[in-house]
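> Here is a sequence together with a model predicted from it:
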Amino acid sequence: RKNEKIERKVDLMFEKVFNLSNNKTTVRTEVVAGVTTFMTMAYIIALNPNLLTNFATGSALWNGVFMATCIASAIGTAWMAFHANKPFVMAPGMGLNSFFAVVVANLAAATGLSYTESFQGALVIILIEGVVFLAMSVLNVREKIVHAIPLGIRLGISPAIGLMLLNIGFGSNAGVYSETGGPFFMMRDFFGALTPSVAQTTMGSGYEVMVLNVVTTFVGFFAILALDQKKVKGSVLWGMLLASAINWGGQLAFLDNNPFVSLKTASFIPPVADMAEMTLFKLNFNSFLKIGWFTAISLVITFCIIDMFDTIGTLVGTASRAGMVDKQGNMPRMKQALLADAVGTVAGALTGTSTVTTFVESAAGVEAGGRTGLTALVAALLFLACIFLAPVVALIPAAATSAALIYVGVLMLGGLRNIDFDDNTQLVPVAIMLLTMPISGSIGHGIGLGMIIYTFMKIFSGKAKDVSILTYAISALFLVKFFLAV
């Protein structure tokens, strides 16, 4: 009885904070959704410091970026939970972190500064971007930009992201390395091989690992489908757990590899001292000034454009799939969600990581039933827990997350039913977006190209007056970004 009373009090507390009943969800569903989202994006915890430090694993800078990744992700996601009450999770954005690493390397080469000094100088760019986003969010500029995106393009964002997730799941997740090279990927190197013998020759000893990855992915995928057909709540999470177990068992039985051996030497003590020394509030303005004003402004604008439209696309696309948008394709509390993105980016700069943005993997949690900020809060707490439990999280096989990404990607393609296929000003931009997002790996670039095509189609069809001034401005901005070399 005491446990029942405690459960009721907890339920009432979460109901009061997150308004669960009005969003037709429960505490259990939200917790499962939060865990699901976290598991699909947990790879960022180790991959982000790898990319930002050029794989200097174990160095003081790597440890600092690792801590910053967990803390900044938790701060941005918690803000999303309490301020926007949305089930979206944040972390340092893929693509943006690679671009940041390139900027750091170029700065070091051009100025003769050490990599660490250049890294700390580049953090100033991220801080400026975050402050700009804070101002734009408070002044409703970013929300107006969302409304300037034509309805057809907004409706097409969800299925385009779906194809992008499918491409990640099949095409760029769970890479395999061997003595013959790599990375080798499932779609290109396994299913794309002329014969199995060709694939085996190409991948060498990595072929057996690839076979296990393929089995893991499809077992997880079919398990998720079967559980969903049975209306089992948390089907995505259970499917991923089953796929993980299959992968671990396969490594032990067929590859003579113990997947848990890393735990014997793993450290569970957070490297707080390294973070304090290398990244926490280590904004090096002297290094930043050596970039040059024109280059610095260009970099800030580039980061802003990519992050802004990646975030907008993820929010709109995922919210559309969850039925969180109105008939005009607008999401309530968009301003608050965009503000969370800005807060996360500022937190990232101050703690020591690249731009923090809303992750497309949030769609997995939404598909698991997440509808409120409680989903985000669970994920935020898991990011904080990873400061202590990172070695355990690292055990999740990438192939198991592929199963979830493929499943969610397929479901998001259902958004195509909302497109008016008789209206070329909707059909053509959406078709281009469907191609651009998975190939470029950028949601923002897909939206930008779609808007450019939409604008020109309206002009050449004699309907130039139907296009708003802000839509013209955004299209022109992307034209400059795509074609003007600076």
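Thanks, I have the structure now.

> Confirm V430 sits in a strand?
No - per DSSP: H, G, I helix; E, B strand; the rest coil, V430 lies outside any strand segment and is helix.

> For the helix or strand where L225 lies, list every residue counted as buried.
Assessed by DSSP states H and E, L225 sits inside helix 206-229. Neighbour counts over helix 206-229 (16 or more other C-beta atoms under 10 Å) mark 206-221, 223-224, 227-228 as buried. All C-beta spots, glycine's among them, are computed from the backbone N, C-alpha and C.

> other SSEs contacting that helix?
strand 176-178, strand 181-184, helix 196-203, helix 235-254, helix 398-412 (3 or more C-beta pairs under 8 Å, 6 or more residues apart in numbering; DSSP states H and E).

> now these as JSON lines including mean pLDDT?
Below are those laid out as JSON lines (pLDDT from 0 to 100):
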{"stretch": "strand 176-178", "mean pLDDT": "94"}
{"stretch": "strand 181-184", "mean pLDDT": "93"}
{"stretch": "helix 196-203", "mean pLDDT": "95"}
{"stretch": "helix 235-254", "mean pLDDT": "94"}
{"stretch": "helix 398-412", "mean pLDDT": "90"}
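
> T357 bridge partners, please.
Counting by DSSP bridges, T357 is bridged to A91.

> can you pull the pLDDT of R321?
pLDDT recorded at R321 is 79.

> Kindly provide the distance from it to M412.
5 Å (C-beta to C-beta, to the nearest Å).

> check contacts around the nearest residue to A42 once chain neighbours are set aside.
Distance criterion C-beta to C-beta, 6 or more residues apart in numbering; nearest residue to A42, sequence neighbours excluded, is V393 at 4.9 Å. By C-beta atoms under 8 Å, 6 or more residues apart in numbering, the residues touching V393 are A42, I45, C386.

> Present those as JSON lines; the columns should include secondary structure and neighbour count.
Formatted as JSON lines, these follow (DSSP: H, G, I helix; E, B strand; the rest coil; neighbours: other C-beta atoms under 10 Å):
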{"residue": "A42", "secondary structure": "coil", "neighbour count": "24"}
{"residue": "I45", "secondary structure": "helix", "neighbour count": "23"}
{"residue": "C386", "secondary structure": "helix", "neighbour count": "24"}
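
> ok, of those residues, which one's closest to G249?
A42 (20.4 Å; C-beta to C-beta).

> so that closest one touches A398, yeah?
No - applying C-beta atoms under 8 Å, one finds A42 not in contact with A398, separated by 10.0 Å.

> for this structure, which spans come out with low pLDDT?
1-2, 485-486 (pLDDT under 70).

> mind listing what the residue nearest the centre of it touches?
Centroid-nearest residue in the chain: F359, 2.7 Å away (criterion: C-alpha atoms, centre = their mean). F359 makes contact with T37, M41, I44, F88, V89, M90, A91, G93, T314, according to C-beta under 8 Å, 6+ apart.

> would TSV of the residues you listed with secondary structure and neighbour count be doable?
What follows is the contacts of F359, written out as TSV (three-state DSSP; neighbours: other C-beta under 10 Å):
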residue	secondary structure	neighbour count
T37	helix	32
M41	helix	24
I44	helix	20
F88	coil	31
V89	coil	32
M90	strand	34
A91	strand	30
G93	coil	32
T314	helix	27
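
> for these, which one is nearest G369?
T37 (11.2 Å).

> which ones are touching the nearest residue to the closest one once chain neighbours are set aside?
Distances taken as C-beta to C-beta, 6+ apart place G365 nearest to T37, at 3.2 Å, with adjacent residues excluded. Neighbouring residues of G365 by C-beta under 8 Å, 6+ apart: A33, G34, T36, T37, T40, P87, V89, T375, A379.

> Next up, the contacts around V17.
F82, G373, L374.

> Just the buried ones from the residues you listed, in PyMOL syntax?
The PyMOL command for the buried members of these (criterion: 16+ other C-beta under 10 Å) is given here:
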select buried, resi 373+374
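
> Return the subset of the contacts of V17 lying in strands.
In strands, judged by DSSP state E, none of the contacts of V17 are found.

> Let's have the contacts of V17 in a markdown table, adding distance to A160.
Shown next, in a markdown table, are those (distance: C-beta to C-beta, whole Å):
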| residue | distance to A160 |
| --- | --- |
| F82 | 30 |
| G373 | 26 |
| L374 | 28 |
